[in-house]
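please work out how this folds:
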Amino acid sequence: MNPRCFFIPFWPLLNFWRIALNAGGISWLQIHRFLLISLYLFLTEPFRGLQILFHGTYYWNPKAVNPPVFIIGHWRSGTTVMQDALSKDKNFHYLSLYRMIAASHFRITEAWIAPVLNRLVRFVGWHYPLQRLPLDFNYSGELDVALTLLGSSKAYTWGHLFPRKYPVFYQKLVLDESNHDWIKDYQIILSNLQQQAPNATLVLKSPGDTARISRLIRAFPEARFIYMHREKSATLASNEYLWNVLQRHYGFQRIGQEKVSALIDSTHASLLKAYEVQKAEIPLNQRIEIALEHLQEKPLEALQQVYDHFGFGPLPAEVVDFILTNVHQPQKSAANS
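Here you go, the predicted model:
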């Protein structure tokens, strides 16, 4: 995305409408959802303008910051619980759910809106269906999802929201190695996150990045990568749940279960194949692989392996508390993501 797009009034809203038209329109049962997102983008436009005015940063300066940590792995392989655990470490900074939803204005609004929203959802008792947990805007968010609300056309997440065109978005934006434009849009969010916590190391996740290592390592040559993996049948079953939730609560179109299953199978095969081909491009000291099953069975040991491998030191007490409270009890954990 050209940074000049940010100066076009109501750009995220206009781009949302354009993509909806090009992706086959909106299912009638999802019209209300389309209107709510449109209203949200309309009402938050003044905040977006203020963020551009006071925090207009569009480029990542790798010499001025710590190398980021990218958590990769197929959807529902444990990427969320790994990011949630690392986010408790004060040496790290991350993209929370609030920062993801408010990608174009979080630096202006987070301090006063996020606490109010968290109190409201606790009072109402809202749940977060993707993780089957009480909603908390401090949970981990996905970098690529943030691009959709930033007004980027380069987010593969559009394929989940408009599943009729999922194969097109996935092929072009995830598998096509000639496409590099999404890196520029990533850097816009990374630079704003880094300015929030200049001395921290960013911890970021987007499952689609599992097939985009070649482009990431060129853009961030000193980045560290944590690859989460999970037994195949469990991964596929959990992705069936993911797609059902996406269509029921977030998407703007619906497709049949047979098509969903076919998309899950093909995505799983191609994503893991791409990782196996590209992972050698990451220096061994910058890459570690962690099985979700190991993280669930021996969470302290698994997390300490990550810290030792990258030289992060001993596990902070906050990380240990989170692990002992959440990860070793699967029924309470976010480990399904």
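
contacts for the helix or strand harbouring residue 14, please.
Using DSSP states H and E, the element containing residue 14 is helix 11-22. The set of residues that contact helix 11-22 without belonging to it, under CB atoms under 8 Å, 6 or more residues apart in numbering, is 5, 8, 26, 34, 37-38, 41-42, 45, 48, 104, 148-153, 158, 162, 165, 252. Glycine gets a C-beta too; all of them are placed from N, C-alpha and C.

how far out from the middle of the chain is it?
The chain centre lies 21 Å from the centre of helix 11-22; the measure is CA atoms, centre = their mean, to the nearest Å.

can we start the residue count at 419 from this point?
Renumbered: residue one is now 419, and that last one reads helix 429-440.

list the buried residues for the following helix or strand past it?
Once the chain leaves helix 429-440, the next helix or strand it forms, by DSSP H and E, is helix 449-461. Buried residues in helix 449-461, counted by 16 or more other CB atoms under 10 Å: 451-452, 455, 458-459.

same check on stretch 597-613?
Taking 16+ other CB under 10 Å as the criterion, stretch 597-613 shows 600-612 as buried.

over to stretch 694-710?
Judged by neighbour count (16+ other CB under 10 Å), stretch 694-710 contains these buried residues: 696-697, 700, 704-706, 708-710.

output the residues you listed as CSV; include the columns pLDDT, secondary structure and distance to residue 658.
Below are the buried residues of stretch 694-710 laid out as CSV (pLDDT from 0 to 100; DSSP: H, G, I helix; E, B strand; the rest coil; distance: CB to CB, whole Å):
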residue, pLDDT, secondary structure, distance to residue 658
696, 97, helix, 27
697, 97, helix, 27
700, 97, coil, 30
704, 98, helix, 33
705, 98, strand, 29
706, 98, strand, 28
708, 98, strand, 23
709, 97, strand, 21
710, 96, helix, 17
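
out of those residues, which comes closest to residue 500?
Within the buried residues of stretch 694-710, distances to residue 500 taken as CB to CB reach their minimum at residue 708, with 7.1 Å.

mind listing what the closest one touches?
If you count contacts by CB under 8 Å, 6+ apart, residue 708 has them with 496, 500, 644-647, 720, 723-724.

10 Å instead, please
By CB atoms under 10 Å, 6 or more residues apart in numbering, residue 708 lies in contact with 489, 491, 495-496, 500, 644-647, 720-721, 723-724, 727.

which of those residues sit farthest apart?
495 and 727 (18.5 Å).

these two: which has the busier surroundings?
A direct count of neighbours by other CB atoms under 10 Å for residue 495 and residue 727 places residue 495 higher, at 30 against 16.

chain neighbours aside, what residue packs nearest to the most centrally placed residue in the chain?
In the chain, the residue lying closest to the centroid (CA atoms, centre = their mean) is residue 560, at 1.1 Å. For residue 560, the nearest residue in space outside its immediate sequence neighbours is residue 624; the separation is 5.2 Å by CB to CB, 6 or more residues apart in numbering.

that older thread, which of the buried residues of helix 449-461 sits closest to residue 531?
In terms of CB to CB, no member of the buried residues of helix 449-461 lies closer to residue 531 than residue 458, at 12.3 Å.

tell me how far residue 721 lies from residue 512.
In this structure, residue 721 and residue 512 are 15 Å apart, going by CB to CB, to the nearest Å.

repeat that for residue 654.
On the measure of CB to CB, residue 654 and residue 512 end up 28 Å apart.

same thing with residue 633?
According to CB to CB, residue 633 stands 21 Å off from residue 512.

who has more neighbours out of the two?
Looking at residue 633 and residue 512 with other CB under 10 Å, you find the greater number of neighbours at residue 512, namely 26 against 18.
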